[in-house]
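Enquirer: take this sequence and fold it.
(one chain, ligands or ions: 1)
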Amino acid sequence: MPRGRTPRQPARTGRQDRVAQVPLRQAKGKLSPVKPAPQKPRGGKDISATKTAHGGTDALVRPASAETLSVSKVKKRGHYNPLDPARVAEILKRLDQLYPDVKCALTHTSAWELLVATILSAQSTDVNVNRVTPELFRKYPTVEAFAALTPEQLEPDVRSTGFFRNKSRSVVGAAKKVVADFGGQVPMNMQDLLTLPGVARKTANVVLGSWFKIAEGVVVDTHVHRISRRLELTTNNDPQKIEQDLMRVIPREKWILFSHQIIWHGRKLCIARKPKCVDCPLENICHAGDKTWSTVEMHKNAKA
Ligand code: SF4
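Expert: Residues are numbered from 1 along each chain as shown. All right, here's what the predicted structure looks like:
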């Protein structure tokens, strides 16, 4: 407490209590009550005049759902919590509506093919990998066929996916290990998968989740990384920490589907540059700092 100031005793009438409810600066007439500033998207357009792509209705008058209201109640109390279970549940619900039946986009017919395709997908696109793998798996139909190669022999076949020397080394190394240590079968657990060359948690989670249907973790690829930050489900940048954050807030039975849904969302709407916020059903519960259009407060630290 500042020197020289002693607490005043409350009057029996309770008058001081009422006076104290008015902020001091405001009572002196020096400051008018603070009104929230309207949010403007990048480019400076006034959102109140912006039409949506959902049939031309202004999103500012869009009726809020019960869940949205409960989120705003949290806000009103001054304790906005992006990890509020009601908010997370609403995000999952909208993703379910948007992407009800999504699967891994990498073409594969076995755990081994999925493992190879996932290794090849690093720093590449699924479309690019899917162009290469059908011919690759026709040429080398088994894990033993890959194990019999040298990395140099594989390089021409995977060159177009980029980083082909490293990828060839990883694929051939993984094949040799699967044959030597696991009887030619891709292991079904995280610990063993992580012993394979070129396999980190992301690849292991893809194989466990998409092929074996085992929810051991959450796949954190570039889309999950970016969108989890935009949706304030994490503030981390390190994929392992992001995965831990997501595992804490997403129910385990949703881990596999959530990754697929977010990956599709990242391809379709929440793209890295200029996300299509005006078309996004998550818009009014997303406060990303790099939104291109917004009807809600934007949080400057919530971005990719
Ligand atoms: S509103 Fe925009 S930034 Fe937020 S999730 Fe949708 S597309 Fe991404």
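
Enquirer: list the buried residues of the lengthiest helix in the chain.
Expert: Counting residues, the longest helix found in the chain (DSSP state H) is helix 164-182. Going by neighbour count (16 or more other CB atoms under 10 Å), the buried part of helix 164-182 is 164, 167-179, 182. Using the backbone N, CA and C atoms, a C-beta is placed for each residue, glycine as well.

Enquirer: next secondary structure after it?
Expert: helix 190-193 (DSSP states H and E).

Enquirer: run through who's touching that following helix.
Expert: With contact meaning CB atoms under 8 Å, 6 or more residues apart in numbering, helix 190-193 is reached by 182, 186-187, 199, 201, 203-204, 207-208, 216-217.

Enquirer: surely residue 139 touches residue 157?
Expert: Yes: assessed by CB atoms under 8 Å, residue 139 is found in contact with residue 157 at 6.9 Å.

Enquirer: near the ligand, anything from the host helix or strand of residue 225?
Expert: Residue 225 belongs to helix 222-230 when assigned by DSSP H and E. Yes: for helix 222-230, a contact with the ligand is found by CB under 6 Å from any ligand atom, at residue 230.

Enquirer: same check, this time on stretch 271-278
Expert: Yes: shown here: stretch 271-278 in contact with the ligand (CB under 6 Å from any ligand atom) through 275-277.

Enquirer: give me the buried subset of these.
Expert: When the residues of stretch 271-278 next to the ligand are checked for burial by 16+ other CB under 10 Å, the buried set is 275, 277.

Enquirer: neighbours around residue 254, how many?
Expert: For residue 254, the neighbour count with other CB atoms under 10 Å is 17.

Enquirer: could you find the closest non-adjacent residue to it?
Expert: Excluding the flanking residues, the one nearest residue 254 by CB to CB, 6 or more residues apart in numbering is residue 92, at 6.0 Å.

Enquirer: you'd agree the one you found is up against residue 258?
Expert: Yes: when contacts are counted by CB under 8 Å, residue 92 is listed as touching residue 258 (6.9 Å).
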